[in-house]
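Asker: Return a 3D structure for these sequence lines:
(one chain, ligands or ions: 1)
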Amino acid sequence: MRDELSFQSAWEQTVTGDRSFYRSSAGDPYLHFTTDVVQGQEVTDRVEALVVDVVRKAPGIVTVLDVGSGRGALLSSLAVRLEASGLLDRAHLIGVDLRDRPADLDSSVDWITADARALASEMPSLTGVIVAHEFLDDIPCDCVEVDPDGAARIVTVDAVSRQSSLGPPVSDPADLAWLARWWPARRPFMRLEIGRPRDDTWSGLTSMLSFGTAIAIDYGHLRVERASGFWDGGTVTGYLDGRTVSPATDGTCNITAHVAMDAVAAAAARARTTELTRWSAAPRGADFLSLVQTFA
Ligand SMILES: C[S@@+](CC[C@H](N)C(=O)[O-])C[C@H]1O[C@@H](n2cnc3c(N)ncnc32)[C@H](O)[C@@H]1O
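Answerer: Below you'll find the predicted structure:
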């Protein structure tokens, strides 16, 4: 009998499971992407400004948590800058990633090898800045296709052959509510992703901030664009060696899907302020959005 996995489960196997792309020797993020933080100084500039702002407003140590830190390049650059401005003593820089601590990471940076989705239940609350650059798009979620009768059906994957097909209609009430609010199924054959796992991830991460700022920069879209039909083909993509490839869920490539950034923003119910803008500094004209939220 065929063993069919939901697309999210099949994708999860390529992140934290025995088919993990990032934990494999080929999974060094900087070998596969052309939009990471080392492509320019703009992300470091923005994060440095947020850190300086929190340092000025809050007494004591300010924690900077970079989730999905890759090779830790952002934190290494930040350490050099904070040292130069005499603020490094006030900052505790921590990278979090599924991958092991990079050998060339600045010695002032701490490292946690872990699934960042579990951090909130394991770490004490903190004053500081949480950074998620090209992280949320890596959080597995379900992919849906609308059938000729207008029913939104989950894409499934054969556990062995990794071939995908159209599975049962979406039935989880929380998923149905998410679709109704953020990305309604409007016409047959449109594809879309249920962004709820990204909302949960952001809500969990930001729940750790007793005071400070969280910034997410990622491939993203907004409800008005989704409603226009612009994203009707869905956004699941594979990356390998700097190129887009077919998003095979067999661990041979990185899989991503754009982030419904307005849904993510709304999930952080405690946010005092929210700034959601296009990230115009994105390399190669990538569809990046920037979400900055403050917490107190
Ligand atoms: C596209 S890379 C981005 C790296 C870096 N933030 C940058 O922009 O250059 C995504 C990183 O997130 C990590 N990652 C993916 N899912 C994760 C998870 N659930 N927990 C921790 N790290 C994760 C990967 O190992 C990878 O290093």
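Asker: What is the neighbour count of residue 90?
Answerer: If you count neighbours by other C-beta atoms under 10 Å, residue 90 ends up with 17. Backbone N, C-alpha and C define where each C-beta goes, glycine included.
Asker: wait, isn't it in contact with residue 57?
Answerer: No. The criterion here is C-beta atoms under 8 Å, and residue 90 misses it with residue 57 at 11.7 Å.
Asker: Okay, now the unreliable bits of the stretch 151-296 of the chain?
Answerer: 283-284 (pLDDT under 70).
Asker: switch to 90 and redo it
Answerer: The stretch 151-296 of the chain contains residues with pLDDT under 90 at 240-243, 279-287.
Asker: of all of it, which residue lies closest to the ligand?
Answerer: residue 254 (6.8 Å; C-beta to the nearest ligand atom).
Asker: where does the closest residue to that residue other than its chain neighbours land in three-state SS?
Answerer: Computed as C-beta to C-beta, 6 or more residues apart in numbering, the closest residue to residue 254 that is not its neighbour in sequence is residue 239, at 4.5 Å. Of the three states, residue 239 takes strand under DSSP: H, G, I helix; E, B strand; the rest coil.
Asker: Quick one: neighbours of residue 239, just the number.
Answerer: 19.
Asker: is it true that it touches residue 252?
Answerer: No. Residue 239 lies out of contact with residue 252 (C-beta under 8 Å); the separation is 11.0 Å.
Asker: Now do the contacts for the nearest residue to residue 116 once chain neighbours are set aside.
Answerer: Among residues not flanking residue 116 along the chain, residue 67 sits closest, at 4.1 Å (C-beta to C-beta, 6+ apart). Residue 67 makes contacts with 96-97, 116, 119, 130-132, 135, 205, as judged by C-beta atoms under 8 Å, 6 or more residues apart in numbering.
Asker: min pLDDT across the residues you listed, which one?
Answerer: Among those, residue 119 carries the lowest pLDDT, at 92.
Asker: Could you pull up the residues touching that residue?
Answerer: Contacts for residue 119 were tallied using C-beta under 8 Å, 6+ apart; they are 65, 67, 96, 112, 204-205, 208.
Asker: got it, and residue 170?
Answerer: 142, 144, 152-154, 176, 179, 194.
Asker: which residues does the residue nearest to residue 254 bridge with?
Answerer: Beta-bridge pairing of residue 239 under DSSP bridges involves residue 244, residue 254.
Asker: Begin at 871 from now on, thanks
Answerer: OK, 871 is where the count begins now, so the last one is residue 1109.
Asker: From residue 986, how far out is it?
Answerer: As defined by C-beta to C-beta, to the nearest Å, residue 1109 lies at a distance of 19 Å from residue 986.
Asker: picking up where we left off before, tell me which of the contacts of residue 1040 fall in helices.
Answerer: Among the contacts of residue 1040, the ones falling in helices (DSSP state H) are 1046, 1049.
Asker: Format the contacts of residue 1040 as TSV; extra columns: distance to the ligand.
Answerer: Below are these laid out as TSV (distance: C-beta to the nearest ligand atom, whole Å):
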residue	distance to the ligand
1012	16
1014	22
1022	26
1023	26
1024	21
1046	25
1049	23
1064	17
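Asker: Scan the contacts of residue 1040 and report the most crowded one.
Answerer: Highest neighbour count within these, by other C-beta under 10 Å: residue 1064, with 27 neighbours.
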